[in-house]
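1. okay, structure incoming, though there's no sequence with it:
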């Protein structure tokens, strides 16, 4: 039986301050990372996990690589949606030219106008449905 001292305190979830600038601008990404590190330090957290979309992830990597010492505690992660889209794209690249494209069209699972988007991971819902049916 767990003692009361072993139960973690209740978490509080809230929104961060709005940054009124282009999200893919390097200075905006720098500000995001800087504020994230500051908040983590105030909470006594050593590692700062920052989850962003694919476009911001690429910019954030640039900032972290240029400012290695300042952002040594930052752990960058791409969001789940973009990881899945990338994975779907990898599957399409790997198997698209091996007859998968023709199979999807001939089975009427995907229309000829949509098959490229499905295989590139761009039509998310169609691609997920296609891979679920094909599995």
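-> Looks like it arrived, so ask away. On a predicted model such as this, the values are computed, not experimentally measured, just so you know.

2. how many other residues sit next to the spatially closest residue to residue 32 that is not a sequence neighbour?
-> Nearest non-adjacent residue to residue 32, counting by CB to CB, 6 or more residues apart in numbering: residue 19, 6.6 Å away. C-beta: built from backbone N, CA, C; applies to glycine. Residue 19 sits with 14 neighbouring residues when counted by other CB atoms under 10 Å.

3. residue 19: what secondary structure?
-> Of the three states, residue 19 takes coil according to DSSP: H, G, I helix; E, B strand; the rest coil.

4. measure it to residue 121 for me?
-> According to CB to CB, to the nearest Å, residue 19 stands 29 Å off from residue 121.

5. now swap in residue 54 and tell me
-> Computed as CB to CB, the residue 54 to residue 121 distance reads 11 Å.

6. tell me, what residue is most central in the protein?
-> residue 79 (2.1 Å; CA atoms, centre = their mean).

7. my guess is that one meets residue 52, correct?
-> Yes: shown here, residue 79 and residue 52 form a contact pair, counting by CB atoms under 8 Å, at 6.6 Å.
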